[in-house]
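S.K.: Model the structure of this input:
(one chain, ligands or ions: 2)
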Amino acid sequence: MTKQILIMPGDGIGPEIVAEAVKVLQVAQQRFGLDIATDEALVGGAAYDVHGDPLPDVSLEKARAADAILFGSIGGPKWDTIERDKRPERGLLRLRSSLGLFANLRPALLFPQLADASSLKPEVVSGLDILIVRELTGGIYFGQPRGIREENGERVGFNTDVYSESEIRRIGRVAFDLAMARGKRLCSVDKANVLEVTELWKEIMTELSAEYPEVELSHMYVDNAAMQLVRAPKQFDVLVTGNLFGDILSDQAAMLTGSIGMLPSASLDQARKGLYEPCHGSAPDIAGQGIANPLATILSLAMLLRYSLDRGDVAQAIEAAVETVLEQGLRTADIHTEGCRKVSTAEMGDAVAAALSA
Ligand code: IPM
Ligand code: MG
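M.R.: Numbers count the residues shown, from 1 in each chain. Ligands and ions are numbered 1, 2, ... in the order given. You can find the predicted model right below:
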């Protein structure tokens, strides 16, 4: 049966980097005879400009119908001051929530060729391979009540951090299952010394661990986890945490690998339908210059093939092609170091496509 992939380029560097991933997809389609149909939809500021809505119904319907979504990035200063509910970020959040994409997988893997690009010492990061599992449709991102209200003659901003047992349990199961398939070590990150919501989180994770006797479960406060990630990141295998902590720690983990421009992500529902996007944002400051790194998006495409299309073989071939171009010394500006060849977004995409077809 033909698999439907929806392409949502979004804003900023989104269209540039997604175009390179589409090149790679086309080569993969030919080489592996994949039965895939693609369609495109607007999202974020680009959708707001046309439809007055960052996630118009037509885009949401296409997303619902697709087997998987390849997503670029959204947002930019142009839309920072419009009505809050219409901002690009809200479009992405609504998409995640409407499709029930509660499990966000953010691997931080250091390609050996990039050990010098990290701001940490090579010995601290060499061989790094960790996976952050972030809860994506709950917590303080979605909790009610929320808003900005008037109180005693001044404005007061407020949000609610809330998780039900079932929400914690389902993300916990995803994390334990992934740990089983990897190094069998899971670290649950909380702030149980202060926040009740994460006290419950910790309790449920501990409860779940009885179902996974082979997985070694540990708990860490988020402040310590932030410190340990830069002190000795290789102590971790899989980390599981809530929406906000996961947002922060995954950017931090990304930087360990040299550039956030390298980090892919998958956001999955219960049935493994997924949205795949680079961890980085829309980088409006460099949009349109052809210098953005498309590798995170290309690696997101690999995750799409692995998780939603069950083609781990094709995913591996794409990851190997990325490694080949890094080995050839090709670097976009963000990962460029002395002695390597600085290439544009399109040159990087072409090189990966060529390595894949070889
Ligand atoms: C991410 C981003 C988003 C988030 C923004 C763009 C809403 O930072 O995917 O990490 O906070 O989840
Ligand atoms: Mg983020």
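S.K.: residues touching the residue nearest in space to the middle of the chain, list them.
M.R.: Among the residues of the chain, Ser265 comes closest to the average C-alpha position under CA atoms, centre = their mean, at 2.9 Å. The neighbourhood of Ser265, defined by CB atoms under 8 Å, 6 or more residues apart in numbering, consists of Asn104, Leu105, Arg106, Pro107, Ser250, Tyr276, Glu277, Pro278, Cys279, Ser300, Met303. Heads up, the C-betas are built off the backbone N, CA and C, glycines and all.
S.K.: can you map out the helices along the stretch 251-358 of the chain?
M.R.: Assigned by DSSP state H, counting those that start in this stretch, the stretch 251-358 of the chain shows helices spanning 295-307, 312-327, 345-357.
S.K.: Can you list the helices and strands that the first one packs against?
M.R.: Identification of packing neighbours for helix 295-307 by 3 or more CB pairs under 8 Å, 6 or more residues apart in numbering; DSSP states H and E yields helix 14-32, strand 68-73, strand 264-268, strand 274-278, helix 312-327, helix 345-357.
S.K.: Could I get the ones you listed in a markdown table, plus columns for distance to Gly288?
M.R.: Formatted as a markdown table, the helices and strands packed on helix 295-307 follow (distance: least, CB to CB, whole Å):
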| stretch | distance to Gly288 |
| --- | --- |
| helix 14-32 | 7 |
| strand 68-73 | 13 |
| strand 264-268 | 23 |
| strand 274-278 | 17 |
| helix 312-327 | 23 |
| helix 345-357 | 10 |
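S.K.: Would you mind listing what in the stretch 51-200 of the chain touches ligand 1?
M.R.: Gly75, Glu89, Leu92, Leu93 (CB under 6 Å from any ligand atom).
S.K.: what residues does the stretch 201-350 of the chain put near ligand 1?
M.R.: If contact is defined as CB under 6 Å from any ligand atom, the residues of the stretch 201-350 of the chain in contact with ligand 1 are Asp247.
S.K.: Sticking with the nearest residue to Gly246 once chain neighbours are set aside, tell me its helix or strand.
M.R.: Closest residue to Gly246 apart from its sequence neighbours, by CB to CB, 6 or more residues apart in numbering: Arg134 at 2.6 Å. Following DSSP states H and E, the helix or strand that holds Arg134 is strand 129-135.
S.K.: Give the pairing partners of the next helix or strand along the chain from that strand; include direction for each.
M.R.: Using DSSP H and E, the helix or strand that directly follows strand 129-135 along the chain is strand 147-151. Applying DSSP bridges, strand 147-151 is found paired with strand 154-158 (antiparallel).
S.K.: residues in contact with the closest residue to ligand 1 within the stretch 151-300 of the chain?
M.R.: Closest to ligand 1 within the stretch 151-300 of the chain is Asp247: 4.6 Å, counting by CB to the nearest ligand atom. In this structure, Asp247 makes contact with Arg134, judged by CB under 8 Å, 6+ apart.
S.K.: Let me know the secondary structure of the closest residue to ligand 1 within the chain.
M.R.: Nearest residue of the chain to ligand 1, counting by CB to the nearest ligand atom: Glu89, 3.9 Å away. Using DSSP: H, G, I helix; E, B strand; the rest coil as the criterion, the local structure at Glu89 reads helix.
S.K.: Three-state assignment for the residue nearest to it when sequence neighbours are not counted, please.
M.R.: Take Glu89 and drop its neighbours on the chain: the residue closest to it by CB to CB, 6+ apart is Gly75, 5.8 Å away. Three-state call for Gly75 (three-state DSSP): coil.
S.K.: can I assume Gly75 is in contact with Ile13?
M.R.: No: checked against CB atoms under 8 Å, the pair Gly75 and Ile13 is beyond contact range at 10.9 Å.
S.K.: residues contacting the residue nearest to Glu89?
M.R.: By CB under 8 Å, 6+ apart, Gly75 lies in contact with Asp11, Gly12, Gly44, Gly45, Arg87, Pro88, Glu89, Gly281, Ser282, Pro284.
S.K.: again, but for Ser300
M.R.: Taking CB under 8 Å, 6+ apart, one finds Ala21, Leu70, Phe71, Pro264, Ser265, Ala266, Tyr276, Glu277, Pro278 in contact with Ser300.
S.K.: Closest to Arg182 out of these?
M.R.: Distance to Arg182, by CB to CB, is smallest for Ala266 among the contacts of Ser300, at 14.7 Å.
S.K.: which residues sit in contact with that closest one?
M.R.: By CB under 8 Å, 6+ apart, the neighbours of Ala266 are Asn104, Leu105, Gly274, Leu275, Tyr276, Ser300, Met303, Leu304, Tyr307.
S.K.: I'd like to know the beta-bridge partner residues of the first one.
M.R.: Applying DSSP bridges to Asn104 gives these bridge partners: Arg134, Ser267.
S.K.: tell me, how many neighbours does it end up with?
M.R.: 26 (other CB atoms under 10 Å).
S.K.: Test my guess that it contacts Pro264.
M.R.: No: between Asn104 and Pro264 there is no contact under CB under 8 Å: 11.4 Å.
S.K.: what's the overlap in contacts for Gly75 and Ile13?
M.R.: Ser282.
S.K.: returning to what we had before: contact partners for the residue of the chain closest to ligand 1?
M.R.: Pro54, Ile74, Gly75.
S.K.: let's see 10 Å
M.R.: Glu89 is in contact with Gly44, Gly45, Pro54, Ile74, Gly75, Trp79, Asp80, Tyr141, Gly281, counting by CB atoms under 10 Å, 6 or more residues apart in numbering.
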